[in-house]
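[1] Structure of the sequence below:
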Amino acid sequence: MRKDLDYGLLHAMTAFVRVVDSGTFTAAAEQMELTTAQISRLVSGLENRLSTKLLQRTTRRIALTSTGETYVTHCRDILERVEIAEAFASGATVEPAGRLKVQCMSSFGAHYVAPLVAEFCAAFPKVSVEYATSQYTPALLAEGIDVSIYLAKELADSGLVALPLGTVFGVLCAAPAYLAQRGTPRHPRELTDHACIQLVNPSAPANWELQSTRRTFRIEPAGPIVSDSPDVLLLAAEQGSGIILLPYYTVKESIRNGLLVRVLPSWRSPEVTAFALYPSRHFLDAKTKAWLETLKTRVTPALAKDAAMFP
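    Residues are numbered from 1 along each chain as shown. The predicted structure follows:
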């Protein structure tokens, strides 16, 4: 015996996933060129078919129920398999084309992502890239961003798909002239007697947490400069303003050139992960798939190589 929605089940699943990914019925309706009422009826139809609640609706937000969390995962997989099957059956191959909107944290992007943009455009001449930087949590759906690279210990449950690219940790450094004048600390507790230049953004908390073998030490640094930009602090440290705790990729060339030296080399900050975030696993267009593959094949080994410089 057939149930309601047998003929439109995939359509209803698509509507449900779009609501979850966009966060609102209105946004899902715009994406599917339907009315908000039609989207609401499709989701309600799913719930009636399953005899269970998938979404908790309030006047201000929607939230997945525990059943909804599991069901949306299965929906994504089903819709992706349908897309693959149709592409295979039709023999169609989609060539990367159109505008790719990319966002990345500034310093990380300068070292690992920006150098790939021209190369990517040369490999896929029908693609144009719009590249922007931001230090803060990306709003992909609201801003129409295809892929954002973001560093975090862990991610909030945002409905975005996260592709891990590698891990990053911070190291302590200072200019030789600063250490000659102020002395070199031998233990993290001595950092409180020094000028500490602070990086503060969502992936770098104000207080410093340092790790050594089986040991952790936390301090509240104080110094003359605070910024959300690693590159601003790098320049200040090179000019002798104090001690910095910055990602290894930011300081590696300055150390190699002798502008900075390691401080407390057996201590470093906890690892954070570099994620490539994108809105949905299914219905990815060819240009986004090609960009994600480029990031995985180029950025991941580059991170591992640079991290190996700081054992």
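
[2] Excluding residues flanking it in the chain, which one is nearest residue 164?
    Across the structure, with C-beta to C-beta, 6 or more residues apart in numbering as the measure, the residue nearest residue 164 apart from its sequence neighbours is residue 273 (5.4 Å). From N, CA and C alone the C-beta is placed, and that goes for glycine too.

[3] The one helix or strand the one you found maps to: partners in the sheet, and parallel or antiparallel?
    With secondary structure defined by DSSP states H and E, residue 273 is part of strand 272-278. With DSSP bridges as the criterion, the sheet partners recorded for strand 272-278 are strand 147-152 (antiparallel), strand 161-168 (antiparallel).

[4] Could you list the buried residues of the last one?
    Think strand 161-168. Counting neighbours by 16 or more other C-beta atoms under 10 Å, one finds that the buried residues in strand 161-168 are 161, 163, 165-166, 168.

[5] any idea of the angle the lengthiest helix in the chain forms with strand 161-168?
    In the chain, taking DSSP state H as the definition, the longest helix is helix 66-90. Using axes from the mean of the first three to the mean of the last three C-alpha atoms, to 10 degrees, the interaxial angle of helix 66-90 with respect to strand 161-168 works out to 100 degrees.

[6] Which positions in helix 66-90 come out as buried?
    When burial is assessed from 16+ other C-beta under 10 Å, helix 66-90 yields the following buried residues: 68, 71-72, 75-76, 78-79.

[7] same deal with stretch 123-132?
    Of the residues in stretch 123-132, those with enough neighbours to count as buried (16+ other C-beta under 10 Å) are 124, 127, 129.

[8] so what's residue 189 up against?
    Applying C-beta atoms under 8 Å, 6 or more residues apart in numbering to residue 189 gives the contacts 217, 219.

[9] How much space separates it from residue 112?
    Taking C-beta to C-beta, to the nearest Å as the measure, residue 189 and residue 112 are separated by 34 Å.

[10] In this structure, mark out all the helices, start to finish.
    Under the criterion DSSP H, the chain carries helices at the ranges 9-22, 25-32, 36-50, 66-90, 106-108, 114-123, 140-143, 176-182, 230-238, 248-256, 286-307.
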